[in-house]
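[1] Dropping the sequence and predicted coords here.
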Amino acid sequence: MAEYQFDVAPSFAEEDRDRVLPIVDRLKALGVEVFYDRDREVEMWGRDRVEYFTETFSHRARFVLLFSSEHYVSKWTRLQSRAAMARSLEENTEYVLPIRIDDTPVPGLLPTIAYLDMRRHSDEVIAQAVVQKLAQHRASFTPTTPITPQSVAALVREKPRGWEYLLYVTVVSQGLAELESKYWEHFLRYAPRNGAVEHGTGIELIRDRNVLLSEIIKVAVETLFTGDTQEAAFGAPGEAGDPSRIVHLGELFVRTFDEILEWARGIHATSYAHEQARVAARIQAQFADQQLRAMHAVARDLRDVADTLVERLTAGEQINMTVPLVFEVDPQLEKEFRAALDRL
């Protein structure tokens, strides 16, 4: 992890200095290393200010706090903004933390980037959000961090706000990433031959498969993703979570997803001597589609939230980790399946 001289460097228009200064002072009181230009006047004395600010905003600060406003259009702040944006693009990571003073857009700053708003968030809330962001950075934990005892211990030690959510998301997103090719092959209706050959109509086998898929879903709904199970892992309101249980619960999400994939994969991998049995079986394999799509979408949404977790929690957003596990078959697909069975 790169070392920085400053934790944060505020970038703001001179006209907004009086509005920004209380946040700077509060951050200092909280132990945050802040680059504040008026504290560095002796250091800047005699130096080229363009080079100095470019170096500071590009290399010396972990985060840039960009206070956007109608005044944030001057030559000087544009220089700071360009330096910050350039590093953000180069490192492909969060670096610019925007804070709105008003609704004036900042050139180069994507409108989809999460922000805090001084009209809705107090100075204290913004300062505490910065502290939480720094704690997350010190833990060196993101949704791409390998899950090891060391990385989990570092996250638990720093305890950035929402760390339980971040840990769960990381386990789930990494686990599903490893299954992505298998997920893609499912919707291609492909699986390598497994050597099994079904010579009859396969009616009994089809019934058994329906029971098996239903049981996979029921077990997940009734045991893994209940409110009691989630509370045992994430903790009751106001209580810390249990990291080992959170990791385990994330692994069970991935395992359930893989179990459904394998259920359908076994159908696609089997060879059928009876053509109508093959047709019916391959329609049956599609029964897994809706559940797989739902779980895949949950993992994607969890990951999107994790990327802006501190900002969302600071804004008072309630993070929902409910997993939709409902076994429903498209009526048209079920109609096709029954028609295929009638032809056996």
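    Nice, thanks for sending it over.
[2] ranges for the strands of the chain?
    Taking DSSP state E to define them, one finds strands in the chain at 6-11, 61-68, 96-100, 116-117, 197-198, 271-272.
[3] residues making contact with the fifth one?
    For strand 197-198, the surrounding residues in contact (C-beta atoms under 8 Å, 6 or more residues apart in numbering) are 205, 270-274, 277, 281. (C-beta placed from N, C-alpha, C; glycine too.)
[4] out of those, which are inside helices?
    Per DSSP state H, helices hold the following members of these: 205, 277, 281.
[5] Surely the last one is in contact with A273?
    It stands for A281. No - the pair A281 / A273 is not scored as a contact, 11.9 Å apart, by C-beta atoms under 8 Å.
[6] more crowded one of the two?
    Using other C-beta atoms under 10 Å as the criterion, A281 and A273 rank with A281 on top: 22 against 12.
[7] number of nearby residues for the closest residue to P192 other than its chain neighbours?
    Leaving aside its sequence neighbours, P192 sits nearest to A269 (C-beta to C-beta, 6 or more residues apart in numbering; 6.3 Å). Around A269 there are 15 other residues, counting by other C-beta under 10 Å.
[8] same check, this time on E198
    E198, neighbours per other C-beta under 10 Å, totals 17.
[9] what bridges to it?
    For E198, the beta-bridge partners are Y272 (DSSP bridges).
[10] give me every residue that touches the closest residue to V106 other than its chain neighbours.
    Among residues not flanking V106 along the chain, S68 sits closest, at 4.7 Å (C-beta to C-beta, 6+ apart). S68 makes contacts with 98-102, 104-106, 109, 115, as judged by C-beta under 8 Å, 6+ apart.
[11] Please pick the buried ones from those residues.
    Neighbour counting by 16 or more other C-beta atoms under 10 Å classes 98-101, 106, 109, 115 among the contacts of S68 as buried.
[12] In the chain, which residue is most central in space?
    R303 (1.7 Å; C-alpha atoms, centre = their mean).
[13] you'd agree that one is up against S173?
    Yes - if you go by C-beta under 8 Å, R303 and S173 touch, sitting 4.7 Å apart.
[14] Next up, the contacts around the closest residue to R245 other than its chain neighbours.
    Once flanking residues are discounted, R245 sits nearest to A233: 4.0 Å by C-beta to C-beta, 6+ apart. Shown in contact with A233 (C-beta under 8 Å, 6+ apart): 164, 168, 241-242, 245-246, 248-249.
[15] now R189
    268, 282, 285.
[16] Can you check those residues and name whichever has the most neighbours?
    A285 (20 neighbours).
[17] can you pull the contacts of it?
    186, 189, 264, 267-268.
[18] Select the helix or strand of the chain having the lowest average pLDDT value.
    helix 75-91 (a mean of 53; mean pLDDT, DSSP states H and E).
[19] rewinding a little: out of the buried ones among the contacts of S68, which one sits closest to L179?
    Y115 (33.9 Å; C-beta to C-beta).
[20] gap between that closest one and V42?
    33 Å (C-beta to C-beta, to the nearest Å).
[21] Ok, L261 next?
    Remark: distance between L261 and V42 (C-beta to C-beta) = 63 Å.
[22] got it, and L333?
    Counting by C-beta to C-beta - L333 and V42 are separated by 74 Å.
[23] more crowded one of those two?
    Of the pair L333 and V42, L333 is the one with more neighbours under other C-beta under 10 Å, namely 15 against 7.
[24] Kindly provide the distance from the more buried one to R17.
    In terms of C-beta to C-beta, L333 sits 63 Å off from R17.
[25] export the contacts of A285 to JSON lines and tack on distance to L344 and pLDDT?
    Converted to JSON lines, the contacts of A285 look like this (distance: C-beta to C-beta, whole Å; pLDDT from 0 to 100):
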{"residue": "H186", "distance to L344": "24", "pLDDT": "97"}
{"residue": "R189", "distance to L344": "20", "pLDDT": "95"}
{"residue": "A264", "distance to L344": "20", "pLDDT": "96"}
{"residue": "I267", "distance to L344": "15", "pLDDT": "95"}
{"residue": "H268", "distance to L344": "19", "pLDDT": "95"}
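[26] Name the member of the residues you listed with the shortest distance to R157.
    Nearest member of the contacts of A285 to R157, counting by C-beta to C-beta, is H186, at 39.6 Å.
[27] show me what contacts that closest one?
    Listed by C-beta under 8 Å, 6+ apart, the contact set of H186 reads 261, 264-265, 268, 285, 288-289, 292.
[28] make it 6 Å
    Neighbouring residues of H186 by C-beta atoms under 6 Å, 6 or more residues apart in numbering: 261, 264.
[29] A196 too?
    T270.
[30] Phi first, then psi, for it.
    Note on A196: its backbone torsions stand at phi -80, psi 140 [degrees, to the nearest 10].
[31] Could you check how many residues crowd around P160?
    Neighbours of P160 using other C-beta under 10 Å come to 20.
[32] next one: L212
    L212 has 12 neighbouring residues, counting by other C-beta under 10 Å.
[33] mind checking the end-to-end distance for stretch 104-112?
    15 Å (C-alpha to C-alpha, to the nearest Å).
[34] how distant is that stretch from the center of its chain?
    22 Å (C-alpha atoms, centre = their mean, to the nearest Å).
[35] Repeat that for stretch 7-18.
    The answer for stretch 7-18 is 30 Å, by C-alpha atoms, centre = their mean.
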